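> Provided below for reference: sequence and predicted model.
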Number of protein chains: 2
Amino acid sequence: MTIKEQVREMKLVSPYVANTTNAQRNKALEAIKEALAAKKAEIFEENKKDLELAEKEGVAPAVVKRLVFNEGKLSDVIKGIEQLMSLPDPLGKKTLYRQLDDGLTLNRVTCPIGVIGVIFEARPDAMVQIASLCIKSGNCAVLKGGKETSNTNRALFALIHDAVVSAGLEKGCLVLAETHSQIDELLECDGYVDLLIPRGSNAFVRYIMDHTKIPVMGHADGICHIYVDKDADQDQAIRIILDAKTQYTAACNAVETLLVHRDIAAEFLPKLHEAMAAEGILLRGTKEAVEIIEKGEKKDHLEQTEVSDFKEYLALTASVAVVADEKEAIDHINRYGSHHTDAIMTQNQETADRFMELVDSAGVYQNCSTRFADGFRYGFGAEVGISTSKLHARGPVGLEGLVTYKYKLYGQGQIVGDYASGRSQFHFKDL
Amino acid sequence: MTIKEQVREMKLVSPYVANTTNAQRNKALEAIKEALAAKKAEIFEENKKDLELAEKEGVAPAVVKRLVFNEGKLSDVIKGIEQLMSLPDPLGKKTLYRQLDDGLTLNRVTCPIGVIGVIFEARPDAMVQIASLCIKSGNCAVLKGGKETSNTNRALFALIHDAVVSAGLEKGCLVLAETHSQIDELLECDGYVDLLIPRGSNAFVRYIMDHTKIPVMGHADGICHIYVDKDADQDQAIRIILDAKTQYTAACNAVETLLVHRDIAAEFLPKLHEAMAAEGILLRGTKEAVEIIEKGEKKDHLEQTEVSDFKEYLALTASVAVVADEKEAIDHINRYGSHHTDAIMTQNQETADRFMELVDSAGVYQNCSTRFADGFRYGFGAEVGISTSKLHARGPVGLEGLVTYKYKLYGQGQIVGDYASGRSQFHFKDL
């Protein structure tokens, strides 16, 4: 069957998958957990094939590291599944319960989104995490992982699919996509796929957003800022900046731009530059910032640029500018940022509160690393992605972001004509 | 200034509008209310111009009726504003409050979406309702009403804008668009406009959805179904169907398709046809339905067609088909419906529950008219539109649908490196 045919069938079975109990969905997760443990040798074997191929093709060692699925990764994903199983049922939660009139009662109840397409990077553990999140939330899903781990993906998907069917869920509830042409097919399935979640490079996410009518959740850029206020604990700020820049440079929540209050620039910038240079980080500063750091003396790991050329580096490079006050920092971030995660370093709570209120981003932080923007670190068990859109879910997206709701109205023969004519009256009583 | 320039400015002021207090926003609403009362003669005068022009141009009387802004409409919108003022602040609500570790606290707090574009039909009362909803929820908005009421719109907008500025809100927070070319300009403002809400004809909403990268909330079709189960109270069902079809034929929540259980078809269909014909409604039925009604004798107000030709009529016409059971009804609705509002007529609660669980629509009703799908009738005070999307808001969209949230993380110097290395551990404690 083509992806399109499979998705059409998925759309029809999705209400039945939505109607499963939490016990049934947990049973499916338990079956996945057991199969992972039972078949690990097989999976490691498939993973070895992927790793060998990657090395043969000259994939960079840093990337190859992400392709690995070993005992450590296995234990992580099993822990994740256990955490998901222990979470309360995200479905069937009553979020509104209101009597509109005698015998006319409105309920708003959470339910799955329906059919979701997730396209993710070459990380075998992501396959397990994403499938588990979809199952726990009663969603059907088309899963497409990175091609560098296609052998591992195939083995993991087969095991997950068997487990799900053994727990009594519909056979058509999970589909594996493997080729790029299948992604293009998926993009044309508007009306059948309710949501697409692309993960990966900026260019890839933009491609998805620009080539489909299906709603897309995710983010393209991640230009995160750290603003160092005049009332900052400067040593703490440097420690946090180094973590935010170096702990995982390729992450969307790594810091890219530093803004420094003018009152402390002369004291702070040289210290910052020294600490950054020691870690091999290139600072790209505005004229003012560079002059303060150089004090007439040419420095390494320093380059002059313009604000208009600040960008997302995903490397050991950061931009830096001097600002007059937190107002200028806020306006800079709202204008040039990507509304992902932005932090202020300050011991002044009033300044922090203003910054966190006025910066228009999914995450606004005080005195901690932007790298905390992550579903696991927020306690969501896992995440299906991070969203910079303001609709539906914003920030790291866990189970809650995979559900919607429906309104159920129970009547006893009521018609609108009676209310329009004044014969009946609404009385709106929350129950 | 062009719309684009105004929207760019709006984007920059929007965080400051978001940061206003509920008291300030209520003050703006109070000022609108007072200005409406004080300047009503002027507005009625402008409205008269619109009505005269409409009549001169031969606009249908049913449409002209909707263009009217008189004492009755004025009193309705003032009541709406009072209701909005009495509602609690939708902003700054804490929806998650969690300690991740000692001294590392995560808050999730509601905030406005930011910049919204609303394009609505020629109903002057809609201008006041939509502006009031945006103000109460701290959003900035570009408002474009139907051109048939452009004089009234202009007078109402001027009054609303003055009131808002007098209450201390940013001047740039509300903008009036008046021409179609300004809509096209607005569609290009992705990155600045966070959400578009188009209201109007199917074709118009589709045009908007197909010509912008901005997220769109709304619905194109409204093919609502009523399924009459074998355990229905048949007289009640007919009364409800007549209301759902005739109370406001042009509404998106009017019923378009009727499905009848085969066991009662011979008894119910002729009664239904008689009642519908008496109201001048044309029934378009499948071969089976038509044969049951005709019993060999040609009937008025009846036409044979195929399921594939069932559509949204927005007129005194309805489709009808016979189904084997509620399972067939559910699958029909999920396949051919538009996921708007669908109802079951039955006295059997088990059947109703199954139907309401499995029909994948924004509203699923038992024994009442589909016409109840409306923000006012749900007790939301007003609505900015009805959404058939499953992301963000679904069904009638009131204040809650105009807010999003941000994550605020308060730290004391925490870095992710310490958690990655195991030096620190998250303990996730909801506060």
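Now that the structure is in, tell me what you want to look at.
> for the stretch 301-431 of chain A, which segments count as helices?
Counting by DSSP state H, counting those that start in this stretch, the stretch 301-431 of chain A has these helices, from start to end: A:326-336, A:349-358, A:416-420.
> can I get the ones you listed in TSV including mean pLDDT and mean neighbour count?
No exception for glycine: its C-beta is placed from N, CA and C like everyone else's. Output for these, formatted as TSV (pLDDT from 0 to 100; neighbours: other CB atoms under 10 Å in any protein chain shown):
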stretch	mean pLDDT	mean neighbour count
helix A:326-336	96	19
helix A:349-358	97	18
helix A:416-420	95	18
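> next, format these as JSON lines and append distance to residue B:340.
Below are the helices of the stretch 301-431 of chain A laid out as JSON lines (distance: least, CB to CB, whole Å):
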{"stretch": "helix A:326-336", "distance to residue B:340": "36"}
{"stretch": "helix A:349-358", "distance to residue B:340": "37"}
{"stretch": "helix A:416-420", "distance to residue B:340": "15"}
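> mind putting the ones you listed into a markdown table with distance to chain B?
Listed next are the helices of the stretch 301-431 of chain A as a markdown table, based on distance: least, CB to the nearest CB, whole Å:
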| stretch | distance to chain B |
| --- | --- |
| helix A:326-336 | 6 |
| helix A:349-358 | 5 |
| helix A:416-420 | 4 |
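> so which of the ones you listed is nearest residue A:201?
Of all the helices of the stretch 301-431 of chain A, it is helix A:326-336 that lies closest to residue A:201, at 20.2 Å by CB to CB.
> and that closest one, what does it pack against?
strand A:224-228, strand A:255-261, strand A:317-323, strand A:341-345, helix A:349-358, helix B:3-18 (3 or more CB pairs under 8 Å, 6 or more residues apart in numbering or on different chains; DSSP states H and E).
> cutoff 7 Å now
On a contact count with 3 or more CB pairs under 7 Å, 6 or more residues apart in numbering or on different chains; DSSP states H and E, helix A:326-336 meets strand A:224-228, helix A:349-358, helix B:3-18.
> mind checking what helix or strand follows the helix or strand bottoming out on mean pLDDT in chain A in sequence?
Among the helices and strands of chain A, helix A:61-67 carries the lowest confidence by mean pLDDT, DSSP states H and E, at a mean of 83. Going down the chain from helix A:61-67, the next helix or strand is helix A:71-86, by DSSP states H and E.
> what about that next one, near chain B?
No - legend: contact between helix A:71-86 and chain B by CB under 7 Å from any CB of the partner chain is lacking; minimum distance shown is 10.0 Å.
> neighbours of residue A:338, just the number please.
21 (other CB atoms under 10 Å in any protein chain shown).
> what residues are up against it?
Residue A:338 makes contact with A:219, A:221, A:222, A:223, A:388 under the criterion CB atoms under 7 Å, 6 or more residues apart in numbering or on different chains.
> would you reformat those residues as a markdown table and include neighbour count and pLDDT?
Below are the contacts of residue A:338 laid out as a markdown table (neighbours: other CB atoms under 10 Å in any protein chain shown; pLDDT from 0 to 100):
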| residue | neighbour count | pLDDT |
| --- | --- | --- |
| A:219 | 21 | 80 |
| A:221 | 17 | 81 |
| A:222 | 23 | 87 |
| A:223 | 22 | 95 |
| A:388 | 21 | 91 |
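> going by distance to residue A:163, which of those residues wins?
Using CB to CB, residue A:219 is the member of the contacts of residue A:338 that lies nearest residue A:163, at 31.1 Å.
> looks to me like the closest one is in a helix.
No - using DSSP: H, G, I helix; E, B strand; the rest coil, the secondary structure at residue A:219 is coil, not a helix.
> touching, it and residue A:390? I think so.
No - here residue A:219 does not reach residue A:390: they are 11.7 Å apart, not a contact under CB atoms under 7 Å.
> what is the distance between stretch A:83-95 and the centre of its chain?
20 Å (CA atoms, centre = their mean, to the nearest Å).
> contacts for it, please.
Contacts of stretch A:83-95 (CB under 7 Å, 6+ apart): A:22, A:26, A:29-30, A:107-112, A:132-133, A:136-138, A:381-382, A:399-400, A:403, A:405.
> just grab the bridge partners of the residue nearest to residue A:244 when sequence neighbours are not counted for me.
Of all residues not flanking residue A:244 in the chain, residue A:255 sits nearest, at 3.8 Å (CB to CB, 6 or more residues apart in numbering or on different chains). Bridge pairing for residue A:255 (DSSP bridges) gives the partners residue A:224.
> quick one, phi psi at the closest residue to residue A:234 other than its chain neighbours?
Closest residue to residue A:234 apart from its sequence neighbours, by CB to CB, 6+ apart: residue A:268 at 5.4 Å. Residue A:268 adopts backbone torsions of phi -80, psi -40, taken as degrees, to the nearest 10.
> pretty sure residue A:268 sits against residue A:229.
No - if you go by CB under 7 Å, residue A:268 and residue A:229 don't touch, sitting 10.3 Å apart.
> list the residues that contact both of the two?
Common contacts of residue A:268 and residue A:229 (CB under 7 Å, 6+ apart): none found.
> got a list of what residue A:74 touches?
Residue A:74 makes contacts with A:36, A:40, as judged by CB under 7 Å, 6+ apart.
> my error: substitute residue A:71 in the last question.
Contacts of residue A:71 by CB under 7 Å, 6+ apart: none found.
> with residue A:418 instead?
Contacts of residue A:418 by CB under 7 Å, 6+ apart are residue A:424.
> that one and residue A:104, how far apart?
Distance from residue A:418 to residue A:104, counting by CB to CB, to the nearest Å: 11 Å.
> for residue A:9, same thing?
37 Å.
> neighbour count for these two, which is higher?
A direct count of neighbours by other CB under 10 Å for residue A:9 and residue A:104 places residue A:104 higher, at 23 against 18.
> mind listing what that one touches?
Applying CB under 7 Å, 6+ apart to residue A:104 gives the contacts A:411, A:414, B:368.
> repeat that for 8 Å
A:409, A:410, A:411, A:412, A:414, B:368, B:372 (CB atoms under 8 Å, 6 or more residues apart in numbering or on different chains).
> please indicate which of the residues you listed are buried?
Among those, those classed as buried by 16 or more other CB atoms under 10 Å in any protein chain shown are A:409, A:410, A:411, A:414, B:368, B:372.
> biggest separation within the residues you listed, which pair?
Among the buried ones among the contacts of residue A:104, the pair separated by the greatest distance (CB to CB) is A:410 and B:372, at 11.0 Å.
> for the stretch 51-200 of chain A, what lies in contact range of chain B?
With CB under 8 Å from any CB of the partner chain as the criterion, the stretch 51-200 of chain A meets chain B at residues A:98, A:100, A:104, A:106, A:113, A:114, A:194, A:195.
> what two of those are the furthest from one another?
Farthest apart among those by CB to CB are A:104 and A:195. That separation is 32.2 Å.
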